[in-house]
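K.L.:
Predicted model, plus sequence, below.
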Amino acid sequence: MKIAGQKIEGPNVEIIVLPRGGDRPDIVFQARAILDTESFDKLCPIPTPPERIKKGGIREKNFDDLGYKAQMESYSNKRIAWMVVESLKVTPGLEWETVKYNDHMTWLNYEKELKDSGFSYVEIQRIQNGVFTANCLNETKVEEARQSFLRGPVDQAEKSFGLLIGQNSMPSGTPANASA
């Protein structure tokens with residue numbers, strides 16, 4: 001596939017750098033966009049609600065069942081954890097101690113492992129945001145790209161003939177009076 005003559009190749013990769021300072025090297029994670037959720041779907045199928053029988057013997061799915069709601073919450077948390085673990089998989093040298101890629105019961109351990117490794121809450125958030133950005137789940141980045149597209153190939157500031165900010169000086173060279 002091509003867009004504007006450019007061949008589109010490979011998934012998006014976001015580089016996440018956590019500065020350490022001093023003699024310690026910065027920590028660099030890579031998060032790659034997930035192109036297919038098939039492996040998640042096989043390991044963690046979506047819960048199905050129980051059925052209830054209404055008057056007249058009519059069967060319907062009970063989406064209000066508390067057990068089903070708890071299963072759906074667990075499923076959603078695992079899906080996000082899987083996304084983080086799966087996206088970070090391309091980070092060179094990354095080894096999890098308790099997270100196993102093929103065991104959905106361990107995916108939620110990634111946050112504890114990061115915390116136990118000395119990452120602060122904010123650093124863990126930066127890692128998660130990097131994963132969301134790689135997977136185009138960062139609305140700020142999407143909006144920036146949208147605005148860049150709408151501006152077109154020529155920067156709008158170059159086309160402007162008017163003043164972008166207040167005038168600094170008068171034609172005579174004396175400073176402009178902002179209170180006038």
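P.N.:
Everything's here; your move.
K.L.:
residues of the helix ranked longest in the chain that come out buried?
P.N.:
Ranked by residue count, the top helix of the chain under DSSP state H comes out as helix 66-88. Of the residues in helix 66-88, 68, 78, 79, 81, 82, 83, 84, 85, 86, 87, 88 count as buried by neighbour count, 16 or more other CB atoms under 10 Å. Heads up, the C-betas are built off the backbone N, CA and C, glycines and all.
K.L.:
Downstream of that helix, the next helix or strand is which one?
P.N.:
Next helix or strand after helix 66-88 toward the C-terminus (DSSP states H and E): helix 109-116.
K.L.:
Beyond that following helix, next helix or strand please.
P.N.:
That would be, after helix 109-116 and using DSSP H and E, helix 121-134.
K.L.:
That next one packs against which elements?
P.N.:
strand 13-18, strand 27-32, helix 66-88, helix 109-116 (3 or more CB pairs under 8 Å, 6 or more residues apart in numbering; DSSP states H and E).
K.L.:
what element comes up after it heading to the C-terminus?
P.N.:
Next helix or strand after helix 121-134 toward the C-terminus (DSSP H and E): helix 139-151.
K.L.:
which stretches of this protein have low pLDDT?
P.N.:
Scanning the chain for pLDDT under 70 picks out the ranges 137-138, 153-180.
K.L.:
Can you tell me the centre-most residue of it?
P.N.:
residue 132 (0.7 Å; CA atoms, centre = their mean).
K.L.:
these two touch, right, residue 16 and residue 26?
P.N.:
No: between residue 16 and residue 26 there is no contact under CB atoms under 8 Å: 10.3 Å.
K.L.:
How many neighbouring residues does residue 124 have?
P.N.:
By the criterion of other CB atoms under 10 Å, residue 124 has 17 neighbours.
K.L.:
what do you get for the one 3 residues further on?
P.N.:
Each residue near residue 127 was counted by other CB under 10 Å, and the total is 23.
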